[in-house]
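Novice: what follows is a predicted structure for the sequence shown.
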Amino acid sequence: MINQHVTINGAIDPVSTAQQVRRMFLELKRNYGGADLGIA
């Protein structure tokens, strides 16, 4: 099991920042194997 903790302080647009982080994790999943990241 992999646990990932991401802390972002001072985001001007929290929703946009969260979307970018989610996209980053999905790209990592797609590029480096199918490890379960707990996101769809």
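Specialist: Structure received.
Novice: where are the low-confidence patches of this protein?
Specialist: Scanning the chain for pLDDT under 70 picks out 1-2, 34-40.
Novice: ok, 80 please
Specialist: For the chain, the stretches with pLDDT under 80 are 1-4, 32-40.
Novice: tell me which stretches of it form helices.
Specialist: Ranges of helices in the chain, per DSSP state H, are 14-32.
Novice: quick check: Asn31 vs Thr17, distance?
Specialist: 21 Å (CB to CB, to the nearest Å). Every residue, glycine included, has its C-beta placed from N, CA and C.
Novice: for Arg30, that is, sorry about that
Specialist: 20 Å.
Novice: compare these two (neighbour count), which wins?
Specialist: Thr17 (14 against 9; other CB atoms under 10 Å).
Novice: show me the contacts for the more buried one.
Specialist: Taking CB atoms under 8 Å, 6 or more residues apart in numbering, we find Thr17 in contact with Ile8, Ala11.
Novice: what's the answer for Thr7, then?
Specialist: Per CB under 8 Å, 6+ apart, neighbours of Thr7: none.
Novice: where's it relative to Arg30, distance?
Specialist: Distance from Thr7 to Arg30, by CB to CB: 24 Å.
Novice: Ala11 now?
Specialist: 24 Å.
Novice: check Gln20 too.
Specialist: Gln20 is 15 Å from Arg30, where distance means CB to CB.
Novice: likewise for His5?
Specialist: 21 Å.
Novice: and Pro14, by the same measure?
Specialist: With CB to CB as the criterion, Pro14 and Arg30 are 25 Å apart.
Novice: next one: Arg23
Specialist: 10 Å.
Novice: ok, now Asp13?
Specialist: Distance from Asp13 to Arg30, by CB to CB: 25 Å.
Novice: ok, Gly10 next?
Specialist: For Gly10 relative to Arg30 (CB to CB), the value is 29 Å.
Novice: what does Arg22 give?
Specialist: From Arg22 to Arg30 the distance is 13 Å (CB to CB).
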